[in-house]
Each structure stands twice: as C-alpha cells, then as structure tokens.
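Asker: Here is my input; please provide its structure:
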Amino acid sequence: MSVETFDVREQLVTVTPAATRHFRASIQAGGGKGVRIDVRESGCTGFKYVLDEVAGGSDTDVPVALDEGVTLYISAAAMPFLRGTEIDYVREGVNYSLKFNNPNVTAECGCGESFSVE
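Answerer: Numbers count the residues shown, from 1 in each chain. From the prediction side, this is the model:
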C-alpha cells in the first residue's frame, strides 16, 4: 500500500465547450447555480457518476469555474475517481449524452451505466 498525494490546485477535470453549454442550459432551465459531480457505488461494475444541479457546493467540494458562468462542484470523495477526466457532450446516433473520458476506469458494464477503477 502506498500514500498518494493530491494537489487540489491541479486541474481535476477538463470540460469541453459543448459540455459547458449543456451544463449552462440545464442550470438556466432548472434555476440552479452550478452542477455537483459525485461518484457512488452502483451497478454491476461498481460505481456511477451522479450529477445534480445545485445552488452551491458543500464545504468539502472543490469548485471548478468554467466558461459561461458555470461552476462545477466536485465532491471530495469523487476526486480520486475523476482526476484527469474529460467531460464531453456528444451525439451518438440521434441522442446526445454526457461522456466521461476517464483514464482511471479499468472496466465498464455493457450498458455504460457503471464503471470500476483499481
């Protein structure tokens, strides 16, 4: 077992302009001020991403300011899972969805709803 250091000043995630526009439209429609990202145990592979529109983050969240007045609030518990992740908003067929390009993921379930990390 090893101890890993974490510098919160490092950029945790990158967000594409398309995802930023999607977040902005969502919070404008819902009346929120930002989006909180968390990771919870779920699914057949282990974990899932949880996104909520929020008025602000909690004391332990790390705020990430994006363009267009959008703020992401990253849960402290989610930081080890999300480090280095790119969040994109992509078209797949006739649908649009958020895509987490996460270098920490070692496996995903067949439906894409859950993932695992080592």
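Asker: Flag the shaky bits of this protein, pLDDT-wise.
Answerer: 1-11, 110-112 (pLDDT under 70).
Asker: Name the next helix or strand following the longest helix anywhere in it along the chain.
Answerer: If you go by DSSP state H, the chain has its longest helix at helix 17-30. With elements assigned by DSSP states H and E, the helix or strand that comes after helix 17-30 is strand 34-42.
Asker: Run through the neighbouring helices and strands of that next one.
Answerer: Contact analysis of strand 34-42 by 3 or more CB pairs under 8 Å, 6 or more residues apart in numbering; DSSP states H and E lists helix 17-30, strand 46-54, strand 71-74, helix 79-82 as its packing neighbours. Where C-beta positions appear, they are placed from N, C-alpha and C, glycine not excepted.
Asker: returning to what we had before: hmm, who's touching the longest helix of the chain?
Answerer: 15, 32-35, 53, 66-70, 72, 87-90, 96, 98 (CB atoms under 8 Å, 6 or more residues apart in numbering).
Asker: do stretch 85-95 as well
Answerer: For stretch 85-95, using CB under 8 Å, 6+ apart, the contacting residues are 12-16, 18-19, 21-22, 96-104.
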